[in-house]
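[1] everything below, folded, please.
(one chain, ligands or ions: 1)
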Amino acid sequence: MSEPLILVEILPQPAKVALVRFNRPKVLNALNNALAIELETALQALDADPNVHVIVVTGSEKAFAAGADIAEMSSQSFATMFNQNYITAHWEAARNVRKPIIAAVSGYALGGGCEFAMMCDIIIAADTAKFGQPEITIGTIPGMGGTQRLPRAIGKAKAMEWCLTGRMVSAQEAEAAGLVARVVPAEKLLEEALATAAKIASHSLLSVMMLKETLNAAFETTLDQGLKFERRQFHASFSTSDQKEGMQAFLEKRKPAYKNQ
Ligand code: CAA
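    The predicted structure follows:
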């Protein structure tokens, strides 16, 4: 049996948190098509699993992922890439996950690695992490969302400079630019990412999914439409028992017991 390309566990602690690890250490977790298919299957299963509220995706100490697999791509033609719908066919699955995904990034997050991290909802980086879109240095351009998500995250000037030079960016610079939510000591990366996941998992899953959907609408629409959508979602939350429970628990100075209803 060949090694799985990703490792998936639903953790005993913290509760309701799943951990997914890229598992191609010999090639710095280069992201090939087979891995994308395994990841798509796993993410869809975790999204449907009521015992999971938050997904943490990580790599190894040396590499979150050093990009799409150059060996797999190098001899491909336009026709084969297009016919396979390369990237869109499987990687976009992450975008359809309704539960929060946290990328816990240590080491290299380059090319598709950086782009996959950007498909996640929160990036927490080890102080050793290195981000970048080096595709330009190998005769191509970002293809997994880098030209679209990076400027949305850090603005056009910085995104252009990062992508056109292909240079590597430290965790500290990535945080200052707004790509990364938090930088933590490398040895505490998983602990910090899981603590963040646990905090999110303590909320009503219903509210968490509504919030993710609503915040993501900010990237897809006008301010007016986005505000209207937010207002409808906010009003809709008053039809849930979790809203009643959350507010009642506050008034009674106790912890809420959510039913995700
Ligand atoms: N694809 C395939 N194999 C890769 C890889 C990748 N993206 N990145 C690293 N590897 C392999 C190397 O070929 C090497 O394999 P061998 O041991 O068989 O030679 C192994 O991983 C270890 O890598 P290095 O010896 O290069 O390790 P290093 O520590 O000297 O350098 C690195 C690390 C700077 C990250 C370097 O490996 C590197 O530059 N990797 C490529 C980064 C890159 O260009 N990523 C973009 C890919 S294209 C893309 O992602 C397109 C897209 O948007 C969808």
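
[2] C-alpha only now, for contacts and for neighbours.
    Noted.

[3] show me how far stretch 71-89 is from its chain's centre.
    Distance of stretch 71-89 from the chain centroid (Cα atoms, centre = their mean, to the nearest Å) equals 23 Å.

[4] and the ligand, is that stretch touching that?
    Yes - using Cα under 6 Å from any ligand atom, stretch 71-89 reaches the ligand at residue 71.

[5] alpha carbons of that stretch, in CSV - could you do that?
    Extracted C-alpha coordinates of stretch 71-89, given in CSV (Å, rounded to 0.1, in the frame of the first residue of the first chain):
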residue,chain,number,x,y,z
ALA,A,71,7.6,17.4,-11.8
GLU,A,72,3.9,16.6,-12.5
MET,A,73,3.3,19.8,-14.4
SER,A,74,6.5,20.4,-16.4
SER,A,75,5.7,18.5,-19.6
GLN,A,76,1.9,19.2,-19.6
SER,A,77,0.4,20.9,-22.6
PHE,A,78,-2.3,23.6,-22.7
ALA,A,79,-4.8,20.9,-23.9
THR,A,80,-4.1,18.5,-21.1
MET,A,81,-4.2,21.2,-18.4
PHE,A,82,-7.5,22.5,-19.9
ASN,A,83,-9.1,19.2,-20.5
GLN,A,84,-8.3,18.1,-16.9
ASN,A,85,-9.6,21.4,-15.6
TYR,A,86,-6.3,21.4,-13.7
ILE,A,87,-6.7,23.1,-10.3
THR,A,88,-10.4,24.0,-10.6
ALA,A,89,-11.6,20.4,-10.8
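
[6] could I get the contacting residues of the residue nearest to the spatial centre of the chain?
    What sits nearest the mean C-alpha location of the chain, by Cα atoms, centre = their mean, is residue 120, with 1.4 Å. By Cα atoms under 8 Å, 6 or more residues apart in numbering, the residues touching residue 120 are 94, 95, 100, 101, 102, 103.

[7] now render those as CSV, adding secondary structure and pLDDT.
    Output for the contacts of residue 120, formatted as CSV (DSSP: H, G, I helix; E, B strand; the rest coil; pLDDT from 0 to 100):
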residue, secondary structure, pLDDT
94, helix, 95
95, helix, 94
100, coil, 98
101, strand, 98
102, strand, 98
103, strand, 98
